[in-house]
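Undergrad: generate coordinates for the sequence data below:
(2 chains)
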Amino acid sequence: MQRRTFIKTLSYLGVVSALPFLSAQSFAAPSKAISVDDLPELTGELTLYLGRGEGGLYEDVLNAIKKRNPNFTLRIRRGPTAALANTIMAEAKAGVRQADLFWAVDSGAIGQIVGAGLAQKLPNDLTEQLQSEFRFNDWAPISGRIRTLPYNPTRVTADKVPDDIMALPDSDLSIAWAPAYASFQSFITAMRILEGDDATTKWLKAMNKKAKKYAGELGVVMAVERGEVDVGLANHYYTLRLKSGKPDANLDLAFTKNDAGCLVNASGILALKQSKTATDFMRYLLSKEVQTYLSGEAYEIPLAGQLPPPSGIPSLTEISPPAIDLTKLADLRPTLVLMRNAGVL
Amino acid sequence: MFKTLFQALKNTLNPCIKRWPLSYSLSLIIASLAFFPVIILFTLASDSVQMFDARNLDILSNTLLLMLFTGGGAVIIGVPLALLLTYVNIPWRRFWLILLTAPLALPSYLGAFTFYAAFGAGGEIENMLGITTPAVNGLFGSSLIMVLYTYPFVLLSTRSALSSLDASQVYAARTLGMSLLPSIWFVVLPRIRNAITGGALLAAMYALSDFGTPAIMGLNTFTSEIYVEYNAFGLSQAAMLSLQLLAVVALMLYMESKVNVSKEPPGRHLTFWPSPWQTKLLLLATLPVVIFSIFLPLAVFSLWLWREGVSSFDIQYAINSGYASLIAAVVAVIFALPLAYAATKGKAGRIMERITFIGFGIPGIVMGTALVYTGLQLPFLYQTLGLLILAYVLRFLPLAVGTIRSSTESLDGALVNAARVLGAKPKEAYRRITLPLTMRGVVAGAALVFLEVMRELPATLLLGPIGFETLSTYLWRVYEAGYFGRAAIPGLLLFFISGLGLAIMFSTERWGSVTLNERSSR
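TA: Model prediction:
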């Protein structure tokens, strides 16, 4: 039964790509979310390198997949994303390839492995499940996060928060930021690509004069909530998670328009070995159930199938994230040089 | 690579094998093993152009101050506690010893995070009690946390030195009219300064290589620079900066090696018998340390646990932590014995012993990657428990070597000579004289390695068998994800398992020991 519906889906996709008009349309919009019921059963064994644990949530997803596929063994190694990327490079150099899959919380680490030519090409029908700006040949984004400006409504009103990230240092708001945090550096990389090095340096210098530094973006959001500052720079989910534990928190989200300030970045997965099980496993992660779960529980933005964003943030069509190739965000080193020269790092 | 190294080793050894004592040959092999990851760092760093610049100098001063305060603070807390736990007859002495040593098992970043969350405006203390406390951050905050989670280095190394010290000199000083405190200051402490500086060195090196604590406390150190580079996929830059950091390590090692200690025969044990109220007062004085290093983090985690609700936790993590740490502690001691012995035999031995310290000053994540490269030299062992243990041993060998050496080097050779004259073979003399007299040092070394392995993270994550979870990797996972309440139970277990392991180790302390005049002194 399951198999038949899956074959039906496959043949449907085949028909679609045979018709030029329809196929153009299917490229523009992602294919409808696929349920796990329509996916083939996983068999055999896979080793997954998982960048960051993300508590029980990714765990729940992986356990659910394991439970659904009794003939499938999943072996997981968790670690900091950059450390696992370096381990994969070291293993490739030594010719000892351990991992089948690498699931990274940060697209920069993905870019690193893709750049080293270690990632396998993905089938088209898999990438077509994703929204068009998130389609790549050799890796699949799983879920997104958006850069936001969390603010404290008891200290500042929404209309006082600028909708232009470049104008933020000119405002009279007190600001919290975490320049050592990886997501922040990706955001500066995006700013560098969009606005150029000079404007970015100027922005960093101006911000550095007034912003208060924190170790991570959870710290930033906590500081905003405590009222230490008016507004912060952080990924959206820290705010949503803090509010879920503390519904009356003094915390709201503001978004900038069409600039690096509302960059949508993604976690992603790639295959290090060519195998059907590995690609099928990725299909599970892009399924309706997993995407909905990650959005409902971890407050991440679903990127496959046309699914709604987590409650508490507007959908990707309502906000205007900048158009940027995520793999370019792996180019971190010039960003660090810039940040150092501005005295931020 | 290992094969060529081994061949080279053999070639250098062959011509002089007769003149070299056995301990030298063993030491050379172990020291080369321990130095291997550092050699890997050199090859990784070779395509980097990153060098010191003026900015680095600025953060270097933060790093140096943090090291200085950590080493000093660890001495200020560790030495009095060691005196209390060795010389004063308090009830439940071993319980207090274990309790006061256990903070070493908690990763300092967790301590730092709970301090950050508890203190300051809007912190948990204000939420609960309504009292606004000053925020703990910056250089002061980092030093405070570092001291709280490193003072057991000093405590254990000082304790093992104190317990083999002859009390007669103190009695003589007291008889001649010197009061108690001056007699401790002038008569006891100078004779164990090598053990104190040894412990302080370890504390300072921990401060040098730790990233999490200064990051949470908002202090920019050299190590934060290295982490930023590493996370930006600049592995070679991170390796290069780590090697530059080794200049500081080398300087410290040199300074520490200048601390000399006179050799003396062991003697009767010093014991003070305080009155009950004095005992209570003394134990009360240790409370702040226990409250801040153990109670506060557990209380904050429990508060969050209560807020977030209980979640499932696999007890296997605690078992994994316990046995991996125990095996590593035993192997580290076995590796450390010849090195410590060689260090007292001559200059070459001393150099080999110093070499093993270098890796301890390298930031964990960089060292973790160097160990991955090292492990890949033995592909059949890669990511097995055996290799993980070896990685632990290579990383934490200095903890065992340091304490064993400081208890060996103050040993007077007369006893061994006497045994030899009486017909004992060198082996027998070692087994019956030297080993029992250094047993406390051995156990202290094992305890330090055990606790440090309990909280080790990067090597466990990268080199453990797949699916091998420990308390420390689990704590890291929930911390990363921001589910702090889930840290309560594993945090408690971390202290419990550490206590259990320490109890086992301390119970072996008196193996084969000779009771020197102990009975007659009562």
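Undergrad: who's in contact with residue A:315?
TA: A:308-309 (Cβ atoms under 8 Å, 6 or more residues apart in numbering or on different chains). Heads up, the C-betas are built off the backbone N, CA and C, glycines and all.
Undergrad: can you tell me the SS state at it?
TA: Classification of residue A:315 using DSSP: H, G, I helix; E, B strand; the rest coil returns coil.
Undergrad: next one: it from residue B:155, what distance?
TA: Residue A:315 is 58 Å from residue B:155, where distance means Cβ to Cβ, to the nearest Å.
Undergrad: could you do residue A:65 as well?
TA: 48 Å.
Undergrad: repeat for residue B:481
TA: 34 Å.
Undergrad: comparing these two, which residue is more hemmed in?
TA: residue B:155 (31 against 20; other Cβ atoms under 10 Å in any protein chain shown).
Undergrad: where does that one land on pLDDT?
TA: As predicted, residue B:155 sits at a pLDDT of 94.
Undergrad: residue A:110 now?
TA: Residue A:110 is given a pLDDT of 90.
Undergrad: what sits against it?
TA: Residue A:110 touches A:102, A:104, A:119, A:139, A:268, A:270, A:327, A:330, counting by Cβ under 8 Å, 6+ apart.
Undergrad: same deal with residue B:124?
TA: Here residue B:124 is in contact with B:117-118, B:300, B:303 (Cβ under 8 Å, 6+ apart).
Undergrad: where are the low-confidence patches of the chain?
TA: Chain wasn't specified; assuming chain A. A:1-29, A:53-56 (pLDDT under 70).
Undergrad: please go with chain B instead
TA: Ranges of chain B meeting pLDDT under 70: B:1-20, B:48-55, B:510-522.
Undergrad: what's the burial count for residue 210?
TA: Using chain A. That count, for residue A:210 with other Cβ under 10 Å as the rule, works out to 15.
Undergrad: that answer is for a different chain, and I need it for chain B
TA: 25.
Undergrad: again, but for residue A:293
TA: Neighbours of residue A:293 (other Cβ under 10 Å): 18.
Undergrad: could I get the contacting residues of residue 119?
TA: All of this is about chain A. So residue A:119 contacts A:110, A:113, A:138-139, A:270-272 (Cβ under 8 Å, 6+ apart).
Undergrad: wrong one, chain B
TA: Residue B:119 touches B:125, B:133-136, counting by Cβ under 8 Å, 6+ apart.
Undergrad: most surrounded residue in the contacts of residue A:119?
TA: Neighbour max across the contacts of residue A:119 (other Cβ under 10 Å) = residue A:110, 31 neighbours.
Undergrad: from chain B, how far out is that residue?
TA: 11 Å (Cβ to the nearest Cβ, to the nearest Å).
Undergrad: now that residue. Nearest residue, chain neighbours left out?
TA: residue A:268 (4.6 Å; Cβ to Cβ, 6 or more residues apart in numbering or on different chains).
Undergrad: which residues of the stretch 351-500 of chain B fall in helices?
TA: Here the stretch 351-500 of chain B has its helices, by DSSP state H, counting those that start in this stretch, at B:364-376, B:385-409, B:414-421, B:426-429, B:435-455, B:458-463, B:471-481, B:488-507.
Undergrad: list the buried residues in the longest strand seen in chain A.
TA: The longest strand of chain A (DSSP state E) is strand A:140-151. For strand A:140-151, a neighbour-count test (16 or more other Cβ atoms under 10 Å in any protein chain shown) marks A:140-151 as buried.
Undergrad: and stretch A:65-84, by the same measure?
TA: Per 16+ other Cβ under 10 Å, stretch A:65-84 contains these buried residues: A:65, A:69, A:72, A:74, A:76-84.
Undergrad: save these as TSV, and put in secondary structure too.
TA: Formatted as TSV, these follow (three-state DSSP):
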residue	secondary structure
A:65	helix
A:69	coil
A:72	strand
A:74	strand
A:76	strand
A:77	strand
A:78	strand
A:79	strand
A:80	coil
A:81	helix
A:82	helix
A:83	helix
A:84	helix
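Undergrad: show me what residue of the stretch 101-250 of chain B gets nearest to chain A.
TA: Of all residues in the stretch 101-250 of chain B, the one sitting closest to chain A is residue B:122 (3.5 Å; Cβ to the nearest Cβ).
Undergrad: excluding its backbone neighbours, what's nearest that residue?
TA: residue A:226 is the one closest to residue B:122 (Cβ to Cβ, 6+ apart), at 3.5 Å.
Undergrad: which strands or helices does the host helix or strand of the residue nearest to residue A:110 pack on?
TA: Element membership for residue A:268, per DSSP states H and E: strand A:264-271. Helices and strands touching strand A:264-271, by 3 or more Cβ pairs under 8 Å, 6 or more residues apart in numbering or on different chains; DSSP states H and E, are strand A:101-104, helix A:107-115, strand A:140-151, helix A:182-195, helix A:276-285.
Undergrad: those: which one's closest to residue A:45?
TA: helix A:276-285 (8.0 Å; Cβ to Cβ).
Undergrad: and that closest one with chain B, contact?
TA: No: Helix A:276-285 is not in contact with chain B by Cβ under 8 Å from any Cβ of the partner chain; minimum separation 16.0 Å.
Undergrad: that helix vs strand A:140-151, what angle?
TA: 30 degrees (axes from the mean of the first three to the mean of the last three Cα atoms, to 10 degrees).
Undergrad: helix or strand right after helix A:276-285?
TA: Using DSSP H and E, the first helix or strand after helix A:276-285 is helix A:288-298.
Undergrad: any idea how far the lengthiest helix in chain B is from the chain center?
TA: Identified as the longest helix of chain B according to DSSP state H is helix B:54-87. Centre-to-centre, helix B:54-87 and its host chain are 13 Å apart (Cα atoms, centre = their mean, to the nearest Å).
Undergrad: element containing the closest residue to residue A:166 other than its chain neighbours, please.
TA: Excluding the flanking residues, the one nearest residue A:166 by Cβ to Cβ, 6+ apart is residue A:203, at 6.0 Å. Taking DSSP H and E as the criterion, residue A:203 maps to helix A:197-210.
Undergrad: who touches that helix?
TA: A:165-166, A:168-170, A:174-175, A:177, A:188, A:191-192, A:195, A:334, A:338-339, A:341-344.
Undergrad: circling back: other SSEs contacting the longest helix of chain B?
TA: helix B:93-101, helix B:138-148, helix B:151-163, helix B:193-209, helix B:222-231, helix B:235-257, helix B:276-290.
Undergrad: now the helices of the stretch 351-500 of chain B as a markdown table including distance to residue B:93?
TA: Conversion of these to a markdown table gives the following (distance: least, Cβ to Cβ, whole Å):
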| stretch | distance to residue B:93 |
| --- | --- |
| helix B:364-376 | 34 |
| helix B:385-409 | 19 |
| helix B:414-421 | 27 |
| helix B:426-429 | 31 |
| helix B:435-455 | 14 |
| helix B:458-463 | 33 |
| helix B:471-481 | 27 |
| helix B:488-507 | 10 |
